[in-house]
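Q: can't give you the sequence, but here's the structure:
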RNA sequence: GCCACCCUAGCUCAGUUGGCAGAGCAACUGAUUCGUAAUCAGUAGGUCGCCGGUUCGACUCCGGCGGGUGGCUCCA
């Protein structure tokens, strides 16, 4: 056998015979350890892969990203094997790795029950104990199709059938089970074990709702028990932070079947809501926006012109009055274009930036509604910019500056930017789209944003940039978006007079920074676990009287705090101090001021800041000054800056 | 919209094979006047999501509808 040489990290060059397995080479190099696969020239391969030529070879540890991918994929196969043993009539389809775990889709005559999941999990553990060897074989495509048809696996045969004819496919077998798979996999089922099946759900075959509904079983898998437990603990933590639980508990909002998907904001939640709007308004003042108030309901004629009637009608609330069809607006843009078209506009008027906090209503399919994150009624910090083509770059840059300022204000750091391009169903000229997509990408590059491309995800009227924020629970949410409109200026025929007296078509941008205020509140509640920043907290200070003797002084303290613009309440209930402290903590009140005989006699309070604990009593004026400073809205007070360089 | 599961007091949850609906917390009343995460006692609170069926009898079994949860498909 010819000698080959392999570069193994930490071991330099290791000599091997061509045809030796990766496992043999790694073992001899003393780096096999508990690896579940190998990396050969940068590609993940099975440990049983034969090395035929010079190259680089490294072990893949179970806890490494590639290792976890292998474990999860192998665990998906393990589950499929268990399902086939328990339910031979079930047909296997696909079973990919997803974030933190895997799923496998089965076609079966009935849905799996939670009890089935437990049985499947036990069967999986049995197969782990059997420690079956996992073996890879290669077969011609048509032979593989025949093999799976022979086993009655018509879905699998269909998948393999869609691979180009004449190609070979790789199969992985373990005991009585075989599956089509690119691999790699762990060498034997005994290497698995730190997994848990989490839930079952329906899923359409090939993701198309016209197809059969399959049974999808989700699971999570990790390198060892400890990391599995840690992951389950994180899920538990997420459950505790869930805004649908915290929101009502903190008396912020509630949902009721009387209006599915449209939230009721309670007085406390309304304070948060209005503070966010006030914050955005303060930015608008500096960034040169003008606010408008526009109709909620329009004759559908408007939506026919804008294109919404054709592209978006199924998602709209339509109504009939006076023999006329009306639509509740799902977006502000058609109204704003209409508004722009009123009166003659000159280049001297541009850019025009219409901001609108109007409520929007979208008839979302019932199955997609969820808390405040997916609703049927909401409002956005929405605005539409109309400018000359020459101004478009600067307008885009301005938006990016504003976005950055807002994210800094909230301390949002983990933000990924995606450029979403022309979808299949679109309006306007493809050339316009290409231009717009290029403009967006160049602007991002100039502003120093990294981004990824998300082909086909744009809005029907133009390409879009989405700012996706990852919250404390590692979930991703679209907050800000900006879209170049390639359709509506033409459809509405809006114009402006250029310096040379000719008429031009203005460029239209759609943009939002917080996005939906409802969704933003949900994200903020979960990100902060309900500990909202002081400027947003519905009740900023709670004054606690120790006994009835200090209640009157407590009232005076509350009056002083309120006069200084703070949101303060008095708890003078006939309860012990410990009880009131607990109540304030559970409502996550940021600051507590205890007043007893001592404080009352000296014009003092004993502060207790949430997360910081008790402080010695201090003069009321001192406490008040600190609270006012801490409660400042971002971009105001000391740090306030003047107008941003526009207009 | 599709698949599965869930819906009992304001909240969190018990409720045996179909036989008079329960607890803790919250609320209310009284006592207590108390110093940093729950003082004690008492009172009230329910068309068991809604409608229909089976049954001598339904929170419990069956069907339909509504809402929610997890997914799928769609999306701020």
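A: Nice, thanks for sending it over. All values derive from a computational prediction rather than experimental measurement. Numbering: from 1, shown residues only, chains lettered A, B, ... in the order given.
Q: Against residue A:197, how distant is the nearest residue to residue A:154 once chain neighbours are set aside?
A: Spatial nearest neighbour of residue A:154, excluding adjacent residues (CB to CB, 6 or more residues apart in numbering): residue A:91 at 6.7 Å. Every C-beta, even on glycine, is put in place using the N, C-alpha and C of the backbone. Residue A:91 is 19 Å from residue A:197, where distance means CB to CB, to the nearest Å.
Q: One more: residue A:472?
A: For residue A:472, the distance to residue A:197 equals 26 Å [CB to CB].
Q: cool, residue A:147 as well?
A: 28 Å.
Q: what about these two, which has more around it?
A: Set residue A:147 next to residue A:197 and count neighbours by other CB atoms under 10 Å: residue A:197 wins out with 24 against 17.
Q: What are the buried residues along the helix or strand harbouring that one?
A: According to DSSP states H and E, residue A:197 maps onto strand A:195-204. Residues of strand A:195-204 classed as buried: A:195, A:196, A:197, A:200, A:203 (neighbour count, 16 or more other CB atoms under 10 Å).
Q: which ones are touching the last one?
A: It stands for residue A:203. A:103, A:105, A:213, A:214, A:215, A:216 (CB atoms under 8 Å, 6 or more residues apart in numbering).
Q: now the second one
A: By CB under 8 Å, 6+ apart, residue A:196 lies in contact with A:121, A:219, A:220, A:221, A:228, A:232.
Q: Show the model's pLDDT score for the last one.
A: Think residue A:232. Looking at residue A:232, its pLDDT is 85.
Q: Let me know the secondary structure of residue A:109.
A: Recorded secondary structure, residue A:109: coil (DSSP: H, G, I helix; E, B strand; the rest coil).
Q: Can you tell me the element residue A:600 falls in?
A: In this assignment (DSSP H and E), residue A:600 forms part of helix A:597-602.
Q: So which bits of that helix are buried?
A: Buried residues in helix A:597-602 (16+ other CB under 10 Å): A:599, A:600.
Q: Assess the claim that residue A:201 and residue A:218 are in contact.
A: Yes. With contact defined as CB atoms under 8 Å, residue A:201 reaches residue A:218; the gap is 7.0 Å.
Q: May I see the domains of chain A written out as residue ranges?
A: A:3-60, A:65-238, A:261-296+A:330-528, A:541-630 (automatic domain parsing).
Q: now the second one: how far from the chain's centre is it?
A: The one in question is domain A:65-238. Distance of domain A:65-238 from the chain centroid (CA atoms, centre = their mean, to the nearest Å) equals 26 Å.
Q: Next up, the contacts around residue A:507.
A: A:386, A:387, A:388, A:389, A:391, A:392, A:395, A:484, A:485, A:489.
Q: Residue A:69 and RNA strand B: what is the separation?
A: Residue A:69 is 18 Å from RNA strand B, where distance means CB to the nearest atom of the strand, to the nearest Å.
Q: before we move on, what SS does that residue have?
A: With three-state DSSP as the basis, residue A:69 sits in helix.
Q: pretty sure it contacts residue A:96?
A: No. Applying CB under 8 Å, one finds residue A:69 not in contact with residue A:96, separated by 10.2 Å.
Q: higher neighbour count, the two?
A: residue A:69 (17 against 11).
Q: Check whether residue A:199 really touches residue A:235, as I assumed.
A: No. At 11.1 Å, residue A:199 and residue A:235 do not qualify as touching, with contact defined as CB under 8 Å.
Q: The nearest residue to residue A:87 once chain neighbours are set aside and residue A:179, how far apart?
A: Once flanking residues are discounted, residue A:87 sits nearest to residue A:108: 6.2 Å by CB to CB, 6+ apart. Residue A:108 is 16 Å from residue A:179, where distance means CB to CB.
Q: And these two? Which one has more around it.
A: Between residue A:108 and residue A:179, counted using other CB under 10 Å, the more crowded position is residue A:179 (21 against 15).
Q: what's the strand or helix carrying that one packed up against?
A: Element membership of residue A:179 [criterion: DSSP H and E] is strand A:177-180. Strand A:177-180 sits against helix A:65-86, helix A:141-150, helix A:154-161, strand A:168-174, with contacts defined as 3 or more CB pairs under 8 Å, 6 or more residues apart in numbering; DSSP states H and E.
Q: will you turn those into a markdown table that also has mean pLDDT?
A: Below are these laid out as a markdown table (pLDDT from 0 to 100):
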| stretch | mean pLDDT |
| --- | --- |
| helix A:65-86 | 93 |
| helix A:141-150 | 91 |
| helix A:154-161 | 90 |
| strand A:168-174 | 91 |
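Q: and the ones you listed, which is most packed in?
A: Comparing the helices and strands packed on strand A:177-180 by mean neighbour count (mean count of other CB atoms under 10 Å), helix A:65-86 ranks first with a mean of 23.
Q: Could you pick out the residues of the stretch 351-500 of chain A near RNA strand B for me?
A: Contact residues (CB under 7 Å from any atom of the strand) of the stretch 351-500 of chain A with RNA strand B: A:362, A:364-371, A:374-376, A:378, A:380, A:423, A:459, A:464, A:466, A:478-479, A:481.
Q: So for stretch A:370-377, what gets flagged as buried?
A: Of the residues in stretch A:370-377, those buried (16+ other CB under 10 Å) are A:371, A:372, A:373, A:374, A:375, A:376, A:377.
Q: try stretch A:314-323
A: residue A:316.
Q: contact partners of it?
A: Stretch A:314-323 is touched from outside by A:297, A:300, A:303, A:308, A:325-328, A:330, A:361-364, with contacts defined as CB under 8 Å, 6+ apart.
Q: same thing with stretch A:583-596?
A: If you take CB under 8 Å, 6+ apart as the criterion, stretch A:583-596 is touched by A:250-251, A:530-532, A:534, A:537, A:539-547, A:550, A:553-554, A:557, A:561, A:571, A:577, A:581, A:605-610, A:623, A:627.
Q: mind running it again at 6 Å?
A: A:530-531, A:534, A:537, A:539-546, A:550, A:553-554, A:605-610, A:627 (CB atoms under 6 Å, 6 or more residues apart in numbering).
Q: can you tell if it touches RNA strand B?
A: Yes. With CB under 7 Å from any atom of the strand as the measure, stretch A:583-596 is seen reaching RNA strand B through A:585, A:586, A:592, A:594, A:596.
Q: ends of that stretch, how far apart?
A: The first residue of stretch A:583-596 is 18 Å away from its last residue (CA to CA, to the nearest Å).
Q: hey, where'd the strands end up in the stretch 1-150 of chain A?
A: For the stretch 1-150 of chain A, the strands defined by DSSP state E, counting those that start in this stretch occupy A:3-8, A:12-17, A:20-21, A:37-40, A:43-45, A:50-51, A:55-60, A:91-92, A:97-98, A:101-107, A:134-140.
Q: Report the beta-bridge partner residues of the closest residue to residue A:75 other than its chain neighbours.
A: Using CB to CB, 6+ apart and skipping residues adjacent in sequence, the residue nearest residue A:75 is residue A:221, 4.1 Å away. Bridge pairing for residue A:221 (DSSP bridges) gives the partners residue A:195.
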